[in-house]
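1. What follows is a predicted protein model with its sequence.
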Amino acid sequence: MGWIRVRLSDEVERRFRVKVAELGGKKGDLSRYFEEAVKEWLEKREERR
C-alpha cells in the first residue's frame, strides 16, 4: 500500500470530513472514500483515450 500526501483547501477538507461523518464515518473511511474518488477520476481519464 502506498502513501500520497496531498494538500487540500480548508473548505474542501471540511466538506469532505463533514460528509464522511454524515455517512457514519468510522476508522479508515477517509482513506476509503478518497481512494474511491481517485479511482473514479482515473476511470474518467481512461475513457477519454
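-> Yes, it's here.
2. Okay, strands next: where are they in the chain?
-> For the chain, applying DSSP state E gives no strands.
3. Helices along that one, start to end?
-> Taking DSSP state H, the helices of the chain run over residues 10-22, 29-47.
4. so which of those gets nearest Trp3?
-> With CB to CB as the measure, helix 29-47 is the member of the helices of the chain nearest Trp3 (10.1 Å). Where C-beta positions appear, they are placed from N, C-alpha and C, glycine not excepted.
5. other SSEs contacting that closest one?
-> Contact here means 3 or more CB pairs under 8 Å, 6 or more residues apart in numbering; DSSP states H and E; on that basis helix 29-47 packs against helix 10-22.
6. okay, the helices of the chain in CSV with mean pLDDT and distance to Trp3 next?
-> Listed next are those as CSV, based on pLDDT from 0 to 100; distance: least, CB to CB, whole Å:
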stretch, mean pLDDT, distance to Trp3
helix 10-22, 96, 18
helix 29-47, 94, 10
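7. Quick one, which of those gets closest to Met1.
-> helix 29-47 (9.4 Å).
8. how much does that closest one deviate in direction from helix 10-22?
-> Interaxial angle, helix 29-47 versus helix 10-22 (axes from the mean of the first three to the mean of the last three CA atoms, to 10 degrees): 110 degrees.
9. List the buried residues in helix 29-47.
-> Residues of helix 29-47 include none that count as buried (16 or more other CB atoms under 10 Å).
10. From the chain's centroid, how far away is that helix?
-> Mean C-alpha position of helix 29-47 versus that of the full chain (CA atoms, centre = their mean, to the nearest Å) differs by 7 Å.
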